[in-house]
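J.: next come a sequence and a model predicted from it.
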Amino acid sequence: MPSRIRDNLAILVLGGAALGLTAGSTQQEAPAKPHPDLPEEFIQVLPRGRIAAIDTPSFVAAGEAEIADEAWVLGVLLDGQARAYSLNLLNRHEVVNDQVNGKNFAAVW
């Protein structure tokens, strides 16, 4: 990545609390009924709407981010502000609801 871009990039960072887990929850939920549109040979492991979106992302400068230089990110440039969302993170959350200069947007993977 060119240093000019990397220096101005903010990278999303999260702690373990953002994994969408409910602290203290020990009850097993009953398996969800499969979605009626799925073929019967499909197994729905996780019902729709169960992957927690990230609603309040926090960022660090690219030089402070603790990710490998070759890590894949989803990049967004909006109103001159660059953001990068780690694909490793997005593989677990799929959606980051964010805002730049009062403009709401979703980074979706």
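T.: Good, I have the coordinates. Since we're looking at a predicted model, the values are computed, not measured.

J.: in the protein, which helix has the most residues?
T.: With residue count as the measure and DSSP state H as the assignment, the chain has helix 87-93 as its longest helix.

J.: next, the buried residues of it.
T.: Applying a neighbour-count criterion of 16 or more other C-beta atoms under 10 Å, one finds 89-90, 93 buried in helix 87-93. All C-beta atoms are positioned from the backbone trio N, CA, C, and that covers glycine.

J.: low-confidence regions, this protein specifically.
T.: Counting by pLDDT under 70, the chain has low-confidence residues at 1-35.

J.: where along it do the helices fall?
T.: Counting by DSSP H, the segments of the chain that form helices are 3-7, 87-93.

J.: now Gln99. Nearest residue, chain neighbours left out?
T.: When the adjacent residues along the chain are set aside, Gln99 lies closest to Phe105, with 7.3 Å between them (C-beta to C-beta, 6 or more residues apart in numbering).

J.: thinking again about what came up before, make TSV out of the buried residues of helix 87-93 and add distance to Ile67.
T.: Written out in TSV, the entries for the buried residues of helix 87-93 read as follows (distance: C-beta to C-beta, whole Å):
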residue	distance to Ile67
Leu89	9
Leu90	13
His93	16
